[in-house]
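# Structure here, sequence nowhere to be found:
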């Protein structure tokens, strides 16, 4: 299920970047502006296999004309960075360039499907070349690779909970049930910590579905 969701998200990102590349190509037929990064019209997504993370990401230096929908803007060091699905961007001229995040920057949620590492008695999280540590009350801070990171072994992911059973108390049709489920999934992603904790996400979905007239078990 997790791999299916990741492949779907990757397909959506690929489609978005392809459209952005076409827009860039139309706008830059006379060549890139001086001082701006060269646009790569066909990004070769790279597989991050460290710690068996096994996720694809656009390469560092890839430039897009527009950010993916839902990107989070984070101010740091007098400038701004943008975060989406484990990919970091920084503005360069009229475009946004894929980059590594600076050490010390704080993001409110972890990237999807991060690898958990237990190093020196503390948890760290890895995705797309970056290491994160919990920053209580703020989110997660980007840190330098902790000592022992190269030899660290990923903590096995918990066994996923079975899909909940949804019963329409008010006789809703299957089509209405599916529409309500999707709406509740979208709403759940807006709740604090839901994107970093599957249990919080599921509780939010259950509460939303209950409010719409369903029993969730």
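Now that the structure is in, tell me what you want to look at. Keep in mind that what you see is a predicted model, and the values were worked out from it rather than measured.
# wait, is residue 176 part of a strand?
No. Counting by DSSP: H, G, I helix; E, B strand; the rest coil, residue 176 is located in no strand; its state is helix.
# what's the residue lying closest to it once chain neighbours are set aside in contact with, if anything?
Closest residue in space to residue 176, ignoring its immediate chain neighbours: residue 168 at 7.7 Å, by C-beta to C-beta, 6 or more residues apart in numbering. To be clear about C-beta, it is placed using only N, CA and C from the backbone, and glycine gets the same treatment. Contact analysis of residue 168 by C-beta atoms under 8 Å, 6 or more residues apart in numbering lists 176, 177, 213, 214.
# where exactly do the strands run in the chain?
Using DSSP state E, the strands of the chain run over residues 46-48, 55-57, 63-64, 72-76, 79-84, 87-92, 95-99, 106-107, 115-119, 122-127, 130-135, 139-143, 166-168, 214-216.
# So for residue 183, which of those sits nearest?
Closest to residue 183 of those, according to C-beta to C-beta: strand 214-216, at 11.7 Å.
# for that closest one, the distance to its chain's centre please.
29 Å (C-alpha atoms, centre = their mean, to the nearest Å).
# So which bits of it are buried?
214, 216 (16 or more other C-beta atoms under 10 Å).
# what does stretch 47-65 give?
Burial within stretch 47-65, assessed by neighbour count using 16+ other C-beta under 10 Å, is assigned to 48, 51, 53, 55, 56, 57, 58, 62, 63, 64, 65.
# ditto for stretch 164-184
Applying a neighbour-count criterion of 16+ other C-beta under 10 Å, one finds 166, 168, 172, 177, 180, 181, 184 buried in stretch 164-184.
# With stretch 140-154 instead?
Under 16+ other C-beta under 10 Å, the buried positions of stretch 140-154 are 140, 141, 142, 143, 149, 152.
# And the furthest pair within those?
For these, the farthest-apart pair by C-beta to C-beta is 141 and 152; their separation is 18.2 Å.
# can you list the residues that contact stretch 202-211?
Counting by C-beta under 8 Å, 6+ apart, 161, 164, 166, 180-181, 183-185, 187-188, 191, 194, 216 sit against stretch 202-211.
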